[in-house]
Each structure stands twice: as structure tokens, then as C-alpha cells.
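K.L.:
output the structure for:
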Amino acid sequence: MKKIGYLSFIGFLSIILTGCFNKALSTTDFKSKMENLGYTVETSTVSEESSEITEMATAQKDNYEIKFYTFTNSGTAIEFSESLKESWANETNYTNTHRNDNTLIVVNVQEAYKNQVQKDIKELGY
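P.N.:
I've put the predicted structure just below:
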């Protein structure tokens, strides 16, 4: 029985140490990483989209942008993501959301930028 407990503990530690649990980015981290990728980033603490958004940032590059939101809680981030997906039902652009805890990355770009955007979001750990 001790052997099973010991192996479970070792397995748990290996998962943590390999980085399988990504920590949500702060707006400052998002801004810094996106600027390192060549984006121009503007941040704000005021949102007309929802009173549940505490911070937001818009990263712009070429002819597209990626939005980053920090919500008051993860439930609100999920609800916001779902409502966006519903509104994109007939969209021809590449659209996607990436959530980690109470943060959300929103993508709505022309198909031509899809691969670049996916690569950049992967760099963020989302």
C-alpha cells in the first residue's frame, strides 16, 4: 500500500514539475509577451462590453488584433466566451477563445492570419 501512495506522489510531482498546469497570465505579462512577439499593446481597466471585466488588453499586429480579458471570476469568463461563440455562428473569419481560470484570449481574424495567431497564442501558454 505504501508503494502505491509513493508512486502516486511521484506521479503528481512529475506533472507539476513538467508544467502541465499553466498559470493564468496577468495583463502585464500578456502585454510584455505580446510586445516581444512584435505586437503593439494597449491596456485598459474600463470596458464597455461587461462590468465583470476588470482589465483588458488589445494586441495589434499587421491588420489584426488579439484581445485579452481578465474577469472577476472564471464563471463570468466562461459565460462571456460562450456568448461570443454564439455571435460568431456565421462568421467567415478564424474565431476562437482560449480561457485559463478568469482570463480569456479572444481571436477574430482573417483566415490568412490563423497560423500566425495560433503560434503566438501557443507562445503565451494558452
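
K.L.:
center of the chain - which residue?
P.N.:
Ile105 (3.5 Å; CA atoms, centre = their mean).

K.L.:
contact partners for that residue?
P.N.:
Neighbouring residues of Ile105 by CB atoms under 8 Å, 6 or more residues apart in numbering: 66-69, 97-99, 121, 124, 126. To be clear about C-beta, it is placed using only N, CA and C from the backbone, and glycine gets the same treatment.

K.L.:
take those and keep only those in strands.
P.N.:
Judged by DSSP state E, the contacts of Ile105 include 66-69, 97-99 as members of strands.

K.L.:
re the thing from before, what lines up beside whichever strand or helix holds the residue nearest to the centre of the chain in the sheet?
P.N.:
Secondary structure from DSSP states H and E places Ile105 in strand 103-109. Neighbouring strands of strand 103-109 in its sheet, by DSSP bridges, are strand 64-71 (antiparallel), strand 94-100 (antiparallel).

K.L.:
not counting the longest one itself, show me its contacts.
P.N.:
Counting by CB under 8 Å, 6+ apart, the neighbours of strand 64-71 from elsewhere in the structure are 25-27, 30, 34, 39, 47, 50, 52-59, 77, 80, 102-107, 109-110, 113, 117, 120-121.

K.L.:
how about 7 Å then?
P.N.:
Defining contact as CB atoms under 7 Å, 6 or more residues apart in numbering, one finds that strand 64-71 is touched by 27, 30, 52-59, 77, 80, 102-107, 109-110, 113, 117.

K.L.:
stretch 28-44 now?
P.N.:
With contact meaning CB under 7 Å, 6+ apart, stretch 28-44 is reached by 27, 55-61, 68, 120, 123-124.

K.L.:
mind putting those residues in CSV, neighbour count and pLDDT included?
P.N.:
Below are these laid out as CSV (neighbours: other CB atoms under 10 Å; pLDDT from 0 to 100):
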residue, neighbour count, pLDDT
Thr27, 19, 95
Glu55, 18, 95
Met56, 22, 95
Ala57, 22, 97
Thr58, 16, 97
Ala59, 24, 98
Gln60, 13, 98
Lys61, 18, 96
Phe68, 25, 97
Asp120, 21, 97
Glu123, 12, 93
Leu124, 19, 93
